[in-house]
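Q: Here is a sequence with its predicted model. Questions after.
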Amino acid sequence: MNEEWRELRTNLADYPDLVYGEVERLSHEQMCYANEEPPWARWSMDLQIRHIALMTPVWLSMRAGEMLKREGYAFPDTAGLIAGLIGAGIRHVPPEAAGDKKAVVDFMRPWAALCCEIIDKESEDRLRALSFTYYMDPEASRPGDPHKPVAYHRMSVRLHPFGFHEDAERPGLFRLEIGAVLRHIYWNVLAHLRTVQRLKLRQGLPLNAELPREGYLTLPEFYDP
């Protein structure tokens, strides 16, 4: 396995601890700070980490789920809960499922382990060959978000070196390789964790980690304070 995949595996294994290290010592009031402007500040740090906890299971069990099941992978017990949340339009792991910061991070751990299991099991060629299609309505929007959901995917097409493409003949239909999905999961963690850091900076709080400028974080709108 080349250095790129080894590094990605390490980053995926470590991301729950990276998240926890950034928020461990924060008070409830600090975690709940939010602001209407700029738009990225509308979700508090609590909501940001609860969304991070939701993202990996959504990508693996819902979007790539059928393909991974065919390959013999099993999902953590929380997969059913995630499907119910998404079906209800909920984008965060709720307090009923994970009450405090540590519980939210513990919710992430088996899903981070599944990411590593995929890299451990599959060859580099298989990480490219295992693929699936996923449709996102180009006209769909979300309240309070300045971008349509499909816009984030189109940004991703430009950012990923390979494995993330939109069908030229059917807008909104994306073909994704599982290796690119794993890379994308890590980039999403970085993007939301950087938003946690930006919320900390707005409160005059010190940062605990220097995040790599990868993926979305190469774009000033996702990185700049």
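A: Received, thanks.

Q: need the contact list for the residue most central in space within the chain.
A: Residue closest to the average C-alpha location in the chain (C-alpha atoms, centre = their mean): Asn188, at 3.6 Å. By C-beta atoms under 8 Å, 6 or more residues apart in numbering, the residues touching Asn188 are Ile52, Met55, Gly215, Tyr216. For every residue, glycine as well, the C-beta is placed using N, CA and C.

Q: tell me which element it is part of?
A: helix 178-202 (DSSP states H and E).

Q: List the buried residues of that helix.
A: 178-200 (16 or more other C-beta atoms under 10 Å).

Q: chain center to whatever helix or strand comes next after that helix: distance?
A: Sequence-wise, the next helix or strand downstream of helix 178-202 (DSSP H and E) is helix 220-223. Relative to the centre of its chain, helix 220-223 is centred 16 Å away, using C-alpha atoms, centre = their mean, to the nearest Å.

Q: Distance check, Ala140 against Val150.
A: For Ala140, the distance to Val150 equals 7 Å [C-beta to C-beta, to the nearest Å].

Q: Please report the distance of Ala98 from Leu193.
A: In terms of C-beta to C-beta, Ala98 sits 17 Å off from Leu193.

Q: If we ignore the residues flanking it in sequence, what's nearest Pro206?
A: Take Pro206 and drop its neighbours on the chain: the residue closest to it by C-beta to C-beta, 6 or more residues apart in numbering is Lys200, 7.5 Å away.

Q: need the contact list for that neighbour.
A: The neighbours of Lys200, taking C-beta under 8 Å, 6+ apart as the test, are Glu22, Leu26, Gln30, Met45, Pro206, Leu207.

Q: Quick check on these: which are buried?
A: Applying 16+ other C-beta under 10 Å to these flags Glu22, Leu26, Gln30, Met45 as buried.

Q: Which two among these are spaced furthest apart?
A: For the buried ones among the contacts of Lys200, the farthest-apart pair by C-beta to C-beta is Glu22 and Gln30; their separation is 11.6 Å.

Q: just so I have it, where are all the helices in the protein?
A: With helices called from DSSP state H, the chain shows them at 3-23, 28-31, 45-57, 65-70, 79-87, 101-121, 124-129, 149-159, 178-202, 220-223.

Q: For the fifth one, which outside residues touch it?
A: Pointing back at helix 79-87 there. Residues contacting helix 79-87 (C-beta under 8 Å, 6+ apart): Leu54, Pro57, Val58, Ser61, Met62, Gly65, Arg91, His92, Val93, Pro94, Ala97.

Q: any idea which of those residues is closest to Leu159?
A: So of the contacts of helix 79-87, ranked by how close each gets to Leu159 (C-beta to C-beta), first place is Val58, at 19.1 Å.

Q: ok, now which ones touch Arg109?
A: With C-beta under 8 Å, 6+ apart, Arg109 has these contacts: Pro16.

Q: Any stretches of this protein with poor pLDDT?
A: Within the chain, no stretch falls below the threshold (pLDDT under 70).

Q: rewinding a little: show me the two of the contacts of helix 79-87 that sit farthest apart.
A: Gly65 and Pro94 (21.3 Å).

Q: Distance to Leu130 added to the contacts of Lys200, as JSON lines?
A: Converted to JSON lines, these look like this (distance: C-beta to C-beta, whole Å):
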{"residue": "Glu22", "distance to Leu130": "32"}
{"residue": "Leu26", "distance to Leu130": "39"}
{"residue": "Gln30", "distance to Leu130": "41"}
{"residue": "Met45", "distance to Leu130": "34"}
{"residue": "Pro206", "distance to Leu130": "41"}
{"residue": "Leu207", "distance to Leu130": "36"}
